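A.B. asks: here is my input, please return the structure:
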Amino acid sequence: MALPRGRERWLVAAGQAALLLLLVAFWAWGYRAVGDTFVAAPSAVAQRIGTLVVSGALWPHLGATLFAAALGFAFGWLAGFALPLLLGRSRRLMSGIEPFIIAAMGIPLYALVPLLILWFGIGMTPKVVIVAFMVFFIVFVSTLSGLRALEHRLVNMARVLGASEWQLTMLIRRQAMLPFLFSGLRLAVPRAISAAIVGEFLVADRGLGFYIEHSRQTADTVGVFAGIVLVTLLVLGCDMLLAALQRRQTRWQQTLPGGVS
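C.D. replies: Got it, this is the predicted structure:
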């Protein structure tokens, strides 16, 4: 018997809160077991984050990370979304190029950082390039999966009725691909943030990654854990926004038989 939606949401929230408390308890146990040289106390981390927020020291780091992640994400998403649409017009062209793109996914992007520094110098560009490539592969695969799952009979019927390519893309392909696109987005956004963070480990003078690496170099365990918590909260916040947007954009599916409730 299905539970009422309000009660189901309450149960999910209660379960998430219980899991969070369990994780914090395990964290506190680890601190007591090994000491503050290796694990920072949860209370000390919370106090450090509060200090960063109140003093304003957090915002330059957060802004730098968000800017690099957002800019790289925009380039990577546009390329990863547009390329399958273009290649999808020719099955032979898709078959010829797809293996090379899939093979390129195996290249360790972070190993290319020294080359990116050599080509573009130390600054924002290497981080943006890393983020863009990371996002591109995820969006490319998810968009391609959405195109291949598209019911071609709908496209052919719309063409018979006189629909243009623009109408086909906006009215049929877009709606059919939305679940795949949001799945790709919810994978790509955390990857974009993590790529920006790793880039800041190597080439940055600000950013959450820079803050974590600087804390590590100065043996500031509390700072390392505070940076990790902040990154985790940032990723969770972005995912919650995407989940809300996904529910709004795919609300029509809930009216279909067997649709997601």
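A.B. asks: pLDDT value on residue 219, please?
C.D. replies: We have a pLDDT of 88 for residue 219.
A.B. asks: and residue 219, helix, strand or coil?
C.D. replies: Three-state call for residue 219 (DSSP: H, G, I helix; E, B strand; the rest coil): coil.
A.B. asks: got the phi and psi for it?
C.D. replies: When quoted as degrees, to the nearest 10, the phi and psi of residue 219 stand at phi 60, psi 40.
A.B. asks: next one: it from residue 38, what distance?
C.D. replies: Distance, residue 219 to residue 38, by CB to CB, to the nearest Å: 11 Å. Quick note: C-beta positions are derived from backbone N, CA and C, even for glycine.
A.B. asks: tell me what whichever strand or helix holds residue 18 is packed against?
C.D. replies: Assigned by DSSP states H and E, residue 18 belongs to helix 5-34. Applying 3 or more CB pairs under 8 Å, 6 or more residues apart in numbering; DSSP states H and E, one finds that helix 5-34 contacts helix 42-55.
A.B. asks: go again using 10 Å as the cut-off
C.D. replies: Contact partners of helix 5-34 among helices and strands, from 3 or more CB pairs under 10 Å, 6 or more residues apart in numbering; DSSP states H and E: helix 42-55, helix 221-249.
A.B. asks: buried set for that helix?
C.D. replies: Residues of helix 5-34 classed as buried: 27, 31 (neighbour count, 16 or more other CB atoms under 10 Å).
A.B. asks: report the angle between the axes of that helix and helix 42-55?
C.D. replies: 110 degrees (axes from the mean of the first three to the mean of the last three CA atoms, to 10 degrees).
A.B. asks: out of the helices and strands packed on helix 5-34, flag the one nearest residue 127.
C.D. replies: Closest approach to residue 127 among the helices and strands packed on helix 5-34 (CB to CB): helix 221-249, 14.6 Å.
A.B. asks: got the angle for the closest one vs helix 42-55?
C.D. replies: Using the same axes, to 10 degrees: helix 221-249 against helix 42-55 is 70 degrees.
A.B. asks: next, the buried residues of helix 221-249.
C.D. replies: 221-231, 234-235, 238, 246.
A.B. asks: any idea of the mean pLDDT for the helix holding residue 18?
C.D. replies: 85.
A.B. asks: and if you look at stretch 49-59?
C.D. replies: 93.
A.B. asks: OK, contacts around the residue nearest to residue 143 when sequence neighbours are not counted?
C.D. replies: Excluding its sequence neighbours, the residue lying closest to residue 143 (CB to CB, 6 or more residues apart in numbering) is residue 84, at 4.4 Å. Listed by CB atoms under 10 Å, 6 or more residues apart in numbering, the contact partners of residue 84 are 94, 98, 101, 139-148, 177.
A.B. asks: next: residue 32.
C.D. replies: Here residue 32 is in contact with 39, 41 (CB under 10 Å, 6+ apart).
A.B. asks: and residue 51, by the same measure?
C.D. replies: Going by CB under 10 Å, 6+ apart, residue 51 touches 57, 58, 226.
A.B. asks: the second one and residue 196: what is the separation?
C.D. replies: So the one you mean is residue 58. Counting by CB to CB - residue 58 and residue 196 are separated by 16 Å.
A.B. asks: tell me which of these two has more neighbours.
C.D. replies: residue 196 (30 against 18; other CB atoms under 10 Å).
A.B. asks: the inter-axis angle of the strand or helix carrying that one versus helix 221-249?
C.D. replies: In this structure, residue 196 sits in helix 174-202 according to DSSP H and E. Interaxial angle, helix 174-202 versus helix 221-249 (the same axes, to 10 degrees): 170 degrees.
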